[in-house]
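# Build me a model:
(4 chains)
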2 protein chains.
Amino acid sequence: MATARAGGDARAGGRVPGRRGSATRGRLLECTASLLAGTGYRDLTVADIARCAATSPATFYQYFTDVEGAVLELAAELGDGLGPVVDRITTGDWTGEGGLEVARRVVQGFFDYYEEHRSVYRVVDLAAGEGDLRFRQARTRVLAAVTEALVGAIGRSRPGAGVDGEATAYVLVSMLVNSAAHRYGMEFWGVRTSRQVDALARIVHAAVTGAGSGPPA
Amino acid sequence: MATARAGGDARAGGRVPGRRGSATRGRLLECTASLLAGTGYRDLTVADIARCAATSPATFYQYFTDVEGAVLELAAELGDGLGPVVDRITTGDWTGEGGLEVARRVVQGFFDYYEEHRSVYRVVDLAAGEGDLRFRQARTRVLAAVTEALVGAIGRSRPGAGVDGEATAYVLVSMLVNSAAHRYGMEFWGVRTSRQVDALARIVHAAVTGAGSGPPA
DNA sequence: CCCGTGGTCTGACGGGTCGTCAGGTTCCGG
DNA sequence: CCGGAACCTGACGACCCGTCAGACCACGGG
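Just a heads-up that it's a prediction; the model follows:
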């Protein structure tokens, strides 16, 4: 296939990977992730990455077009890991009282997942928001499995109802992502994580099943 | 009060503003906002801002400690503008069928508001997520009015119920913010804005009033 | 009308990063 | 032992950063 390289991948004009090459490439990626988690994206620099990987900046450019190329690579590996969350959504029994517990575990699973990838995900979110197509695509791909699982759960839970499963699933995922991202910000404000998880679970549960919890309108 | 300057403000060691000074300072801020909207944060540079404002980079540093200082300043002016949204939350009648319409207008108002400030807000979100206290504080302050209004609405709508108003309001706001931020990303995926607004409105309405829309559990 | 004072601007600089060559080094099969 | 492919890097011009000291206003008092 002559599909154009989306960018961010190795540049070396069509070279074969090779043993040693993949090693340094991997080391470069590790260092990128590590520095991203440490100092943050705003002052992540090629020079630093190269220093950390005990190699020269020039080498970096042999494998990635720029810093964002490396981050994009990390973003690609980001999709895996949401499997457990997807399972809980798909195989869980959303009906009755247990439904709320399913929702709670989904939310908790998402929080756990996010915790390991916050630094990478943050950049993806920023770049996607700024309109960068590569990152927008990466973001979509990462969250696709969860979104689709939610669409399925909604469709099964309330068939025929006048609800827009796709749109609902999408905004639910947005809620999960942003809540997880600003989890500590909320704690700083006095709202503990457990309370967040609970509130999120109620909303997810209500949105998926259509169940209410207050006085009937 | 000897409260330490949070940073981001003018540096000139305690100088008085002055006529001409405020002018260039304003021009600098305008250019920052403009470039932020245009080229995005990832390659926003002091040199560019200075060029745009027809002045020298050195002048920039006379008014702000660095690029983020200027953005932080823009973030401070960000809180105003959410007044209409707050009003709709506070004065709207959430009961009965009309409640859903109130929710819809709240969501739409938030989308409109966000549209004018996306570029600035994006940076605030990133920096806050990375733990920067100045930005975390700014973010809290910007969203505080809406969050509090929602807390009030929830408390009025379902007093005594076992719901955590604060946590619920906070995650609802997270949902609104992130949905607005990735509005175009969703459209790209085939979900039109009107559908997003509708889905968001249903969720907000359900969370505030406790009303359900599906078969009773 | 001139002049001084204090607010305002900037040229210039050392230090650092960026992205890219051309050419050196390492590895491996023959 | 040797040739070539894969891999690495020194070095370079361009640019940005952040910070001085000193030049440039502007305005009110003499």
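# which parts of chain A sit against DNA strand D?
Residues of chain A found near DNA strand D, taking Cβ under 7 Å from any atom of the strand as the criterion, are A:12, A:15-24, A:55-59, A:62. To be clear about C-beta, it is placed using only N, CA and C from the backbone, and glycine gets the same treatment.
# Filter those residues down to the buried ones.
The neighbour-count criterion (16 or more other Cβ atoms under 10 Å in any protein chain shown) marks A:21, A:24, A:55, A:59, A:62 among the residues of chain A next to DNA strand D as buried.
# of the residues you listed, closest to DNA strand D?
Nearest to DNA strand D out of these is A:Gly21 (Cβ to the nearest atom of the strand; 2.4 Å).
# Report the buried residues of the strand or helix carrying A:Ala180.
With elements taken from DSSP states H and E, the one containing A:Ala180 is helix A:165-181. Applying a neighbour-count criterion of 16+ other Cβ under 10 Å, the buried positions in helix A:165-181 are A:165-181.
# just checking, which of the buried ones among the residues of chain A next to DNA strand D belong to helices?
Filtering those for membership in helices, criterion DSSP state H, returns A:21, A:24, A:59, A:62.
# tell me the two of those residues that are most distant?
Set against one another by Cβ to Cβ, these have their most distant pair in A:Gly21 and A:Thr59, with a gap of 9.9 Å.
# now the ones in helices among the buried ones among the residues of chain A next to DNA strand D as a markdown table including distance to DNA strand C and pLDDT?
Listed next are these as a markdown table, based on distance: Cβ to the nearest atom of the strand, whole Å; pLDDT from 0 to 100:
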| residue | distance to DNA strand C | pLDDT |
| --- | --- | --- |
| A:Gly21 | 11 | 79 |
| A:Thr24 | 12 | 94 |
| A:Thr59 | 8 | 96 |
| A:Gln62 | 8 | 95 |
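# is chain B contacted by stretch A:77-93?
No: contact between stretch A:77-93 and chain B, assessed by Cβ under 8 Å from any Cβ of the partner chain, is absent, since the two come no nearer than 12.2 Å.
# That should have said stretch A:151-170, apologies.
Yes: using Cβ under 8 Å from any Cβ, stretch A:151-170 reaches chain B at A:157-158, A:161, A:163-164, A:166-168, A:170.
# who touches A:Ala53 in this structure?
For A:Ala53, the contacting residues are A:24, A:27-28, A:30-31, A:60, taking Cβ atoms under 8 Å, 6 or more residues apart in numbering or on different chains as the criterion.
# Need the buried ones among the residues of chain A next to DNA strand D in a markdown table (columns: distance to A:Ala145).
Compiled in a markdown table, these are given as follows (distance: Cβ to Cβ, whole Å):
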| residue | distance to A:Ala145 |
| --- | --- |
| A:Gly21 | 31 |
| A:Thr24 | 31 |
| A:Thr55 | 35 |
| A:Thr59 | 35 |
| A:Gln62 | 33 |
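# unless I'm mixing things up, A:Gly92 is touching A:Val107, no?
No: if you go by Cβ atoms under 8 Å, A:Gly92 and A:Val107 don't touch, sitting 11.9 Å apart.
# what about those two, which has more around it?
Here A:Gly92 and A:Val107 are compared on neighbour count by other Cβ atoms under 10 Å in any protein chain shown; more neighbours surround A:Val107, at 27 against 18.
# quick one: average confidence on the helix holding A:Ala180?
Rounded to a whole number, the mean pLDDT of helix A:165-181 is 97.
# Can you list the low-confidence ranges for chain A?
Using pLDDT under 70 as the threshold, the predicted model of chain A has low-confidence ranges A:1-16, A:214-217.
# Against which helices or strands is the longest helix along it packed?
Longest helix of chain A, by residue count under DSSP H: helix A:98-129. Using 3 or more Cβ pairs under 8 Å, 6 or more residues apart in numbering or on different chains; DSSP states H and E as the contact criterion, the secondary-structure elements in contact with helix A:98-129 are helix A:19-38, helix A:67-76, helix A:83-91, helix A:133-157, helix A:165-181, helix A:193-209, helix B:98-129.
# quick check: domain ranges of chain A?
Split into domains by automatic domain parsing, chain A comes to A:13-66, A:83-209.
# Nearest to B:Phe188, out of the ones you listed?
Taking the domains of chain A one by one with Cβ to Cβ, domain A:83-209 is closest: 6.5 Å.
# so how far is the first residue of the closest one from its last?
Distance across domain A:83-209, first residue to last, is 22 Å (Cα to Cα, to the nearest Å).
# how distant is it from the center of its chain?
10 Å (Cα atoms, centre = their mean, to the nearest Å).
# Contacts (any at all) between DNA strand C and it?
No: applying Cβ under 7 Å from any atom of the strand, one finds domain A:83-209 separated from DNA strand C by no less than 14.5 Å.
# before we move on, the earlier item: most widely separated two among the contacts of A:Ala53?
Across those, no pair lies farther apart than A:Glu30 and A:Phe60, at 12.9 Å, counting by Cβ to Cβ.
# Of these two, give the one with the bigger neighbour count.
With other Cβ under 10 Å as the criterion, A:Glu30 and A:Phe60 differ in neighbour count, and A:Phe60 comes out ahead with 24 against 14.
# Now do the same contact list for that one.
Remark: with contacts taken as Cβ under 8 Å, 6+ apart, A:Phe60 is in contact with A:28, A:46, A:49-50, A:53, A:70.
# cool, and A:Gln108?
A:Gln108 neighbours (Cβ under 8 Å, 6+ apart): A:Val197.
# Could you report the separation of it from B:Gly109?
32 Å (Cβ to Cβ, to the nearest Å).
# Next: A:Gly83.
Applying Cβ to Cβ, the value for A:Gly83 to B:Gly109 is 38 Å.
# Have a look at these two and say which one is more surrounded.
When A:Gly83 is set against B:Gly109 and neighbours are counted by other Cβ under 10 Å, the residue ahead is B:Gly109, at 19 against 13.
# That one: what's its closest spatial neighbour, skipping adjacent residues?
Across the structure, with Cβ to Cβ, 6 or more residues apart in numbering or on different chains as the measure, the residue nearest B:Gly109 apart from its sequence neighbours is B:Val85 (4.3 Å).
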